[in-house]
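Asks: A structural model of the following input is requested.
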Amino acid sequence: MWRYSRNPIVGRYDIPSSNSIFNSAVVPFGDGYAGVFRSDNKAVQMNIYAGFSKDGINWDINHEPIEMKPGNTDMIESDYKYDPRVVFIEDRYWITWCNGYHGPTIGIAYTFDFADFYQCENAFLPFNRNGVLFPEKFDGKYAMLSRPSDNGHTPFGDIYISYSPDMKYWGEHRCVMKVADFEESAWQCTKIGAGSAPIRIKEGWLIFYHGVINTCRGFRYSMGAAILNEKNPSKVLYRTRPYLLAPNETYELTGDVPNVIFPCAALCDGEKVAVYYGAADTVIGLAFGCLKEIVDFTKNNSLQ
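Replies: Numbers count the residues shown, from 1 in each chain. Okay, the predicted model is just below:
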């Protein structure tokens, strides 16, 4: 994969009130693109904002955070919102994020137009992070990847999958991927978390995920890829032993939280892939790759 030469595509001050804009998700929308962006303001309050772009690179982000309306619940208050993902399923766009309700859990909302947003019940009990929906149902059920965690800066974490018939009640929780052994793949030995919405390929489902190692300088976040079984996505077919991207550029190495690449969205036209990622918890970067090369790399350099 290679980085966009004009990274970062979104700067930390692109909203007047912002301290940082990062870990955000985008989708095709109309004749361009729309997205939900994490911005921490100058009081470091975490919230999510809608944004629009004609080309997926130059973004106009709303200056006010998203105001939720009741969806399948009246309980729409939250202490904070961060690290959103967006995916289109059937007739609407679904947004998931880390929602503050007595600690972090997974919030859910939907929109048809990125103007009105309707919040649903939280998916899980606290504590949980990195909720990522599949773009298709399995036997009539929605499916979501997540990482059960704790109320701190999680020093552990594996990826699980859960199912729901109605985007309100979630169950059938199954483990998908655990952290790797230090000796086998140290970059992902502390915790892992789902990144972008899964991409359907002929081998199954391609996911980009972040992996973390706890070094003498603190946590270091890198990006890998995995391929999940088409019918049973709790089964991992392949998983990268080497990372695809690791912090290397100045905007990834230096920021509010140094040494972070955190993927949250991937756009694919069948041949090329564009991955949007948070860099150093401060700005947004963009990386490109050829789908076949990424799939071959994942299969040929797999832990499985």
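Asks: So residue 61 is in contact with residue 10, correct?
Replies: Yes: with contacts counted by CB atoms under 8 Å, residue 61 reaches residue 10, the gap being 7.4 Å. C-beta: built from backbone N, CA, C; applies to glycine.
Asks: Contact partners for residue 231?
Replies: residue 138 (CB atoms under 8 Å, 6 or more residues apart in numbering).
Asks: what touches both of residue 61 and residue 10?
Replies: With CB under 8 Å, 6+ apart, residue 61 and residue 10 have common neighbours 21, 37.
Asks: who's more crowded, those two?
Replies: Taking other CB atoms under 10 Å, residue 61 and residue 10 do not tie; residue 10 has more neighbours (29 against 19).
Asks: Secondary structure element for the residue lying closest to the more buried one once chain neighbours are set aside, which one?
Replies: Excluding its sequence neighbours, the residue lying closest to residue 10 (CB to CB, 6 or more residues apart in numbering) is residue 284, at 3.9 Å. Taking DSSP states H and E as the definition, residue 284 sits inside strand 283-290.
Asks: which residues touch that strand?
Replies: So strand 283-290 is contacted by 1-4, 7-12, 20-22, 24, 37, 57, 244-245, 249, 251-252, 255, 261, 271-279 (CB under 8 Å, 6+ apart).
Asks: which of those residues count as buried?
Replies: Buried members of the contacts of strand 283-290, scored by 16 or more other CB atoms under 10 Å, are 1, 3, 7-10, 12, 20-22, 24, 37, 244-245, 251-252, 255, 261, 273-279.
Asks: check contacts around residue 118.
Replies: Residue 118 sits in contact with 68, 69, 70, 71, 109, 110, 111, where contact means CB under 8 Å, 6+ apart.
Asks: So residue 296 lies in a helix, does it not?
Replies: Yes: Residue 296: assigned to a helix according to DSSP: H, G, I helix; E, B strand; the rest coil.
Asks: Tell me the pLDDT of it.
Replies: On pLDDT, residue 296 comes in at 98.
Asks: With residue 304 instead?
Replies: For residue 304, pLDDT reads 74.
Asks: Quick one: distance of the strand holding residue 284 to the chain centre.
Replies: Centroid separation between strand 283-290 and its chain, computed with CA atoms, centre = their mean, to the nearest Å, is 13 Å.
Asks: again with stretch 183-193
Replies: That offset, for stretch 183-193, works out to 18 Å (CA atoms, centre = their mean).
Asks: Kindly report the same for stretch 211-219.
Replies: Worked out by CA atoms, centre = their mean, stretch 211-219 lies 19 Å from the chain centre.
Asks: what's the span of it from first residue to last?
Replies: 10 Å (CA to CA, to the nearest Å).
Asks: got it, and stretch 50-63?
Replies: So stretch 50-63: terminal residues 9 Å apart, CA to CA.
Asks: go on, stretch 120-127?
Replies: 18 Å.
Asks: what do you get for stretch 260-276?
Replies: 13 Å.
Asks: if we can go back for a sec, who wins for neighbours among the contacts of residue 118?
Replies: residue 109 (25 neighbours).
Asks: Quickly list what that one is bridged to.
Replies: Beta-bridge pairing of residue 109 under DSSP bridges involves residue 95, residue 119.
Asks: is it true that it touches residue 94?
Replies: Yes: look at residue 109 against residue 94 with CB under 8 Å: they come within range, at 7.5 Å.
Asks: what's the spacing between the helix or strand that contains residue 82 and its chain's center?
Replies: Using DSSP H and E, residue 82 sits within strand 81-89. Taking CA atoms, centre = their mean, one finds the center of strand 81-89 at 7 Å from the center of the full chain.
Asks: who does it pair up with?
Replies: For strand 81-89, pairing defined by DSSP bridges yields strand 92-100 (antiparallel).
Asks: pLDDT on the partner strand, on average?
Replies: pLDDT averaged over strand 92-100 gives 98.
Asks: Equivalent analysis for stretch 120-134, please.
Replies: Computed over stretch 120-134, the average pLDDT equals 98.
Asks: which residues in this protein form helices?
Replies: 250-253, 291-300 (DSSP state H).
Asks: which of those helices sits most buried?
Replies: Most buried of the helices of the chain by mean neighbour count (mean count of other CB atoms under 10 Å) is helix 250-253; its value is a mean of 18.
Asks: for it, packing partners?
Replies: The contact analysis (3 or more CB pairs under 8 Å, 6 or more residues apart in numbering; DSSP states H and E) places helix 250-253 against strand 283-290.
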